[in-house]
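> structure of the sequence below:
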Amino acid sequence: YLQTVDLKLCDLRQMKKGELSKHVKEKDTVLWEEEMNEKTSIGIYKSCKEHIKEDLIYDNTPASVILYQARTNTLPLEDRKRHENKPTTCQLCKEETEDLEHFIMDCKQIGQARNQIPVLQRPHNQPKEDTIRDLLFTKEGQEGMERRKEWLYKLWRARMKTLKK
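You can find the predicted model right below:
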């Protein structure tokens, strides 16, 4: 770990606890930023997550899991199959690649669930990516985030219910 944070044992012995903590946080931030820059599939997350901090919105509920997966673009949608050279067409509408944008904004088969989510009402006065960003990273505080978590989970449940039919 000393190598990871660019320290030698003699440095460690001379540092005060606060200095060590600051040094480790700075190094963690650099490593985190480097890792974020290497990933191409987390564009919305990168644009909204400016620094390392604990998000108090995750509580291990199914809605929290779906929110986390949506934020990090790891929802198990059909576009994940592109890595296996398999078809990525939406299994619900059979029209487009099922990626995060299609799932949240466009799939006609879950339009009824989408119509119940105020931030997804049409017409959109901003680009789709901005609407998705607003849904996943609201500035409305904890209460607003809880509401959005439930909206997203309703959309996911509608998708799963339609897939089962």
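> how many neighbours does the residue nearest to residue 27 when sequence neighbours are not counted have?
Residue nearest to residue 27 in three dimensions, not counting chain neighbours: residue 5, with 4.4 Å by C-beta to C-beta, 6 or more residues apart in numbering. The way it works is simple: take the backbone N, C-alpha and C, and place the C-beta from them, glycine included. Here the count is done by other C-beta atoms under 10 Å, and residue 5 has 17 residues near it.
> let's see the pLDDT reported for residue 5.
Residue 5 is assigned 79 on the pLDDT scale.
> where along this structure do the helices fall?
Using DSSP state H, the helices of the chain run over 9-14, 17-38, 43-48, 62-71, 100-101, 111-114, 128-136, 141-164.
> could you dump those helices to a markdown table with mean pLDDT and mean neighbour count?
Written out in a markdown table, the entries for the helices of the chain read as follows (pLDDT from 0 to 100; neighbours: other C-beta atoms under 10 Å):
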| stretch | mean pLDDT | mean neighbour count |
| --- | --- | --- |
| helix 9-14 | 82 | 10 |
| helix 17-38 | 79 | 12 |
| helix 43-48 | 68 | 16 |
| helix 62-71 | 94 | 19 |
| helix 100-101 | 94 | 20 |
| helix 111-114 | 94 | 16 |
| helix 128-136 | 88 | 18 |
| helix 141-164 | 92 | 16 |
